[in-house]
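> what follows is a protein structure lacking sequence information:
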């Protein structure tokens, strides 16, 4: 084979285009097409000369030599799944450019809202989807659920939309993956038998799956012409886009053309105290409202114990963002579910003045959540070492000296060994007893009871060690 040149490129082109020359040798073809080459103009020949030089294929992964100055360096080859490395590199670059463009778009949106002084009343949308599986080879998505919420910083939540999606045809070999994700995440069954009394015959909210066209129509109506929708995370952005495209394609409708923007970027450009975009992302990942009630859809609330409902996600994200912006927009949250989950601002103090207190007697305040084990604590748990003492005395935080000593006597009553007085200053009991009816703090009671049990434990350890030595001598 001669060195590649313009004439050789012309010969190869003629071989591909003319079936009669397919089995001919290079020399035979050159003789047959020589008259065509000579009849071409210099400009036409120059195109083949340039094509003969061509781009030199350079492997960027393992390449120590620089390409010639007059040749373009390109990425050649394929990955293990047969995908072009050049195409993967191009898609990666386009994705990075699109990511930067979206962040700049959010920044411009916030700045324009501040200039117009309408940012507090502007309407924003958040979207989340659940899927059964995404095939890595063909990149096919099997959808399960979609949810959106609409809100403004001044008025809070303005509405929400949620729908379960028909999974459609599941790619061969991926049904197990669908079942696995369903059981571990959103609990949505692939195929559910819905009866008049509810799912699986239970008297509950039904799992209804509208057709794809109805869901797309409802989404457009809910968005009311809006094109900018926020979501959290790169993976969720890809899932949302593919689920929306799948719905439109299966329904035979035009794509919705939504622009999915990063929710963390909105917090970053909106809240002055957020120093970096990654900090904003971490604030959403903390899931402050994960265990609040009545955030999920009716079916997830009644049928599952899952926190992976799409409607719950969009509401939690919204409440998290509003928690950082309420002060900025001079909003005083009201416990009605608009700026915070219902019940999250109402504080219940359980009080009991006697041992037979009714748990139904409650007092609502706007301060702290106080739990019955200790009026002086804001935590829902108590120290297990002193819980029996607290339960014996109700929820009182103050104990009389008589109660304290009787509690200590009960603790010592079950001890088989009479303990020697502890000489350690930390182990000594409290000062001389005051007259009956005097009050001592919970700390004094706890300290006395703790040291009594500590002494019993140490004595038992000493006895075990003594027995071990005696057995060893024999």
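That came in fine, so what should we check first? This structure is a prediction, so every number in the text was calculated from the model and none was measured. Numbering: from 1, shown residues only.
> run a quick neighbour tally on residue 7.
When neighbours are defined as other CB atoms under 10 Å, residue 7 has 17 of them. In this view, the C-beta of every residue, glycine as well, is placed from N, C-alpha and C.
> that one reaches residue 36, doesn't it?
No. Distance between residue 7 and residue 36: 10.6 Å, which falls outside the contact criterion (CB atoms under 8 Å).
> sec struct for residue 37, please.
At residue 37 the chain is in helix, as set by DSSP: H, G, I helix; E, B strand; the rest coil.
> I'd say it and residue 10 touch.
Yes. Between residue 37 and residue 10 there is a contact under CB under 8 Å: 5.8 Å.
> quick one: which of these two has more around it?
residue 10 (24 against 16).
> could you confirm that one falls within a helix?
Yes. The assignment for residue 10 is a helix, going by three-state DSSP.
> next up, the contacts around it.
Residues near residue 10 by CB atoms under 8 Å, 6 or more residues apart in numbering: 33, 36-37, 48.
> over to residue 181?
The contact partners of residue 181, taken as CB under 8 Å, 6+ apart, are 131-133.
> what secondary structure does the nearest residue in space to residue 315 that is not next to it in sequence sit in?
Closest residue in space to residue 315, ignoring its immediate chain neighbours: residue 295 at 4.8 Å, by CB to CB, 6 or more residues apart in numbering. Under three-state DSSP, the three-state class of residue 295 is coil.
> what's the PyMOL line that selects buried ones from the contacts of residue 10?
Here is the PyMOL command that selects only those of the contacts of residue 10 that count as buried (16 or more other CB atoms under 10 Å):
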select buried, resi 33+37+48
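> going by distance to residue 25, which of the contacts of residue 10 wins?
For the contacts of residue 10, the closest approach to residue 25 (CB to CB) belongs to residue 33, at 12.8 Å.
> once you drop chain neighbours, what's closest to the closest one?
residue 14 (5.0 Å).
> likewise residue 11?
Closest residue to residue 11 apart from its sequence neighbours, by CB to CB, 6+ apart: residue 29 at 5.2 Å.
> all strands of the stretch 51-200 of the chain, in order?
Applying DSSP state E, counting those that start in this stretch to the stretch 51-200 of the chain gives strands spanning 57-58, 74-75, 124-134, 141-152, 156-164, 194-195, 198-199.
> closest one to residue 174 among those?
Across the strands of the stretch 51-200 of the chain, residue 174 has its closest neighbour in strand 124-134 (5.0 Å, CB to CB).
> name the helices or strands packed onto the closest one?
strand 141-152, helix 175-184, strand 228-231, helix 234-251, helix 310-325 (3 or more CB pairs under 8 Å, 6 or more residues apart in numbering; DSSP states H and E).
> just to revisit the earlier point, what helix or strand is the residue nearest to residue 11 on?
Using DSSP states H and E, residue 29 falls within helix 26-38.
> which residues sit against that helix?
Applying CB under 8 Å, 6+ apart, the contact partners of helix 26-38 are 1-2, 7, 10-11, 14-15, 21, 24, 45.
> could those residues go into JSON lines alongside distance to residue 179?
Compiled in JSON lines, the contacts of helix 26-38 are given as follows (distance: CB to CB, whole Å):
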{"residue": "1", "distance to residue 179": "57"}
{"residue": "2", "distance to residue 179": "61"}
{"residue": "7", "distance to residue 179": "63"}
{"residue": "10", "distance to residue 179": "59"}
{"residue": "11", "distance to residue 179": "58"}
{"residue": "14", "distance to residue 179": "57"}
{"residue": "15", "distance to residue 179": "54"}
{"residue": "21", "distance to residue 179": "57"}
{"residue": "24", "distance to residue 179": "59"}
{"residue": "45", "distance to residue 179": "64"}
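> pull the most distant pair out of those residues.
Distance extremes for the contacts of helix 26-38: the farthest pair is 24 and 45 at 21.9 Å, using CB to CB.
> what pLDDT is listed against the residue lying closest to residue 182 once chain neighbours are set aside?
Nearest residue to residue 182, sequence neighbours excluded (CB to CB, 6+ apart): residue 188, at 5.7 Å. Note for residue 188: predicted pLDDT of 94.
> and if you look at residue 73?
48.
> tell me the secondary structure for residue 40?
Look at residue 40: counting by three-state DSSP, its state is coil.
> that one: neighbour count?
Counted with other CB under 10 Å, the neighbours of residue 40 add up to 14.
> and for residue 153?
Number of residues near residue 153 (other CB under 10 Å) recorded here: 21.
> swap in the one 5 residues further on?
Using other CB under 10 Å, residue 158 has 13 neighbouring residues.
> skipping adjacent residues, who's closest to it in space?
Residue 158 sits nearest to residue 150 (CB to CB, 6+ apart), 4.5 Å away.
> what's across from the one you found in the sheet?
residue 125, residue 159 (DSSP bridges).
> thought it was touching residue 156?
No. Contact criterion CB under 8 Å: residue 150 and residue 156 do not qualify, at 10.3 Å.
> coming back round to it: want to throw the contacts of residue 10 into TSV with distance to residue 264 and pLDDT?
Below are those laid out as TSV (distance: CB to CB, whole Å; pLDDT from 0 to 100):
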residue	distance to residue 264	pLDDT
33	62	83
36	63	85
37	62	83
48	53	78
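> distance to residue 343 added to the contacts of residue 10, as TSV?
Output for the contacts of residue 10, formatted as TSV (distance: CB to CB, whole Å):
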residue	distance to residue 343
33	85
36	85
37	86
48	78
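> just to be sure, residue 206 is in a helix?
No. Assigned with three-state DSSP, residue 206 falls outside any helix and is coil.
> that one contacts residue 299, doesn't it?
Yes. Between residue 206 and residue 299 there is a contact at 7.3 Å, judged by CB under 8 Å.
> tell me which helix or strand in the chain has the weakest average pLDDT.
Ranked by mean pLDDT, DSSP states H and E, the weakest helix or strand in the chain is strand 198-199, scoring a mean of 37.
> and the following helix or strand past that one, what other elements does it pack with?
Sequence-wise, the next helix or strand beyond strand 198-199 is helix 212-223, with elements assigned using DSSP H and E. Helix 212-223 is packed against strand 141-152, strand 156-164, helix 234-251, with contacts defined by 3+ CB pairs under 8 Å, 6+ apart.
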